[in-house]
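Chemist: could you work out the structure for the sequence below:
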Amino acid sequence: MELQELEKLWTEMSQELESQKKLNKTIIMDMTQTKYVNKFRKISTYETIGAVICIAAALYIITQFNLLDTWYLQLCGAFTVTFLIILPILTLQSLQKIQNIDLAGSEVKETIIRFERAKKRVLYLQRAGIYLSFILMITILPVAAKISGKGKDLFQDPGVLYVYIPVMVVFLVLFARWGYGCYKSITTSAENILKEIE
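Modeler: Purely as a prediction, here's the structure:
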């Protein structure tokens, strides 16, 4: 075998090895992207179901809004409808943004920066939703009582509120801690995936 043939063979093997490395990197990035997206798939499904329920409830309240015959019931109804429409939409948008980060599309450092921004937004919306849920808890019961067919104004008979509010506060605190913990866990797990590709 001559030196030129040996050099040619060596160059071909080198190019083939380089091609294999690129292919392996592409396969690994595709698998990592799939793993990353799957982290958010389950919670996105739950949030989508929740959003459909919230928007359906808001539409029902809107169709029955004429039954809210005092200014304070109308104010409660307006807050409730606004909350039930806007927060689920914002939550789904933030989840979509964090889920759709393309891991292979840019530098790792830039990807991590985009992830950190999206993560902060997702967690901020969750915290805001928790605090606003305490207000919703107070506004939704009078609205529901008035439009449910009983026509009862709970602000005129606040006895039910004294029982309802403490029970709902306990439930809301437990549910909020659990839900926020799930979000923290998922975003931390996704962050760990990103750190693996560094």
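Chemist: just the buried positions in stretch 13-20, please.
Modeler: By neighbour count with 16 or more other CB atoms under 10 Å, stretch 13-20 contains no buried residues. All C-beta atoms are positioned from the backbone trio N, CA, C, and that covers glycine.
Chemist: again, but for stretch 60-69
Modeler: Buried residues in stretch 60-69, defined by neighbour count with 16+ other CB under 10 Å: 61, 64, 68.
Chemist: what's the closest of those residues to Ser106?
Modeler: Ile61 (43.6 Å; CB to CB).
Chemist: and the closest one, what does it touch?
Modeler: By CB atoms under 8 Å, 6 or more residues apart in numbering, the contact set of Ile61 is 77, 80-81, 84, 143, 147.
Chemist: from those, which ones fall inside helices?
Modeler: If you go by DSSP state H, the contacts of Ile61 have 77, 80-81, 84, 143, 147 in helices.
Chemist: got CSV for the residues you listed, with distance to Tyr36 and neighbour count too?
Modeler: Shown next, in CSV, are the ones in helices among the contacts of Ile61 (distance: CB to CB, whole Å; neighbours: other CB atoms under 10 Å):
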residue, distance to Tyr36, neighbour count
Gly77, 41, 24
Thr80, 36, 24
Val81, 35, 21
Leu84, 30, 22
Val143, 40, 25
Ile147, 43, 19
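Chemist: circling back to that earlier point, would you turn the buried residues of stretch 60-69 into a markdown table with distance to Tyr183 and secondary structure?
Modeler: Compiled in a markdown table, these are given as follows (distance: CB to CB, whole Å; DSSP: H, G, I helix; E, B strand; the rest coil):
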| residue | distance to Tyr183 | secondary structure |
| --- | --- | --- |
| Ile61 | 27 | helix |
| Gln64 | 33 | coil |
| Leu68 | 33 | coil |
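Chemist: coming back round to it: ok, so of the ones in helices among the contacts of Ile61, who is nearest Glu47?
Modeler: Closest approach to Glu47 among those (CB to CB): Leu84, at 13.6 Å.
Chemist: tell me the one of the contacts of Ile61 nearest Met137?
Modeler: Taking CB to CB as the measure, Met137 lies nearest Thr80 of the contacts of Ile61, at 10.3 Å.
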